[in-house]
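# with the sequence up front, the predicted model follows.
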Amino acid sequence: MKAIQSNLIILLLPLCFVLGCKKEDIQKENKTNIVGTWLLNATSQSNCDDAELNGLQSYECTDDNCTKYIFSSDSTGMNYIKEFIEDGILMSEVGTYSVGESKLTMCVETEDGPECTSFKLALTVSTMNISGKNDETGCTEALYFDKEAEEETN
């Protein structure tokens, strides 16, 4: 019986190491993949208290209207800039962020201290989806982004 238990432990131990590393690998991959410029291409609202608010809205960036998030990670930390152009007027928000396996937390500094918002995160090399609950409307809101292609330097 002890031999079976020992063999079972020996077989399960490597499996634990593999599964334990996977979460860290995903977090590291997300930290790498999120760096860059992301252009908003759609938003959706679902499960709203008022069903008329449910829906999908598509966006295309133009010189007059565009929403983009620029994520960077360097020796100064993990920072982001949210730029939104509406009717040709540029507005921006600057803050810090952190990334987990399936979570993005963004913080801005206010007069009362840092204000942070967490979102569910689905991230690939070229697409990013963030979602969360809007307590005012009861809606689950999702933002869909495409990564802007990086210009090659020669």
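Noted; the coordinates are in hand.
# point out where this structure drops to low pLDDT.
Applying pLDDT under 70 to the chain flags residues 1-29, 151-154.
# hmm, try it at 90
Within the chain, the ranges that satisfy pLDDT under 90 run 1-33, 74-77, 100-101, 149-154.
# show me where the chain has helices.
Using DSSP state H, the helices assigned to the chain run over residues 2-33.
# and the strands in it, which stretches?
36-46, 55-58, 66-74, 77-86, 89-99, 103-110, 113-123, 127-133, 140-147 (DSSP state E).
# and the third one, what other elements does it pack with?
Identification of packing neighbours for strand 66-74 by 3 or more CB pairs under 8 Å, 6 or more residues apart in numbering; DSSP states H and E yields strand 36-46, strand 77-86. (Each C-beta comes from the backbone N, C-alpha and C, glycine too.)
# coming back round to it: mind putting the strands of the chain into TSV with distance to N30 and mean neighbour count?
Shown next, in TSV, are those (distance: least, CB to CB, whole Å; neighbours: other CB atoms under 10 Å):
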stretch	distance to N30	mean neighbour count
strand 36-46	13	17
strand 55-58	25	10
strand 66-74	11	17
strand 77-86	11	15
strand 89-99	5	14
strand 103-110	8	15
strand 113-123	5	14
strand 127-133	10	17
strand 140-147	13	18
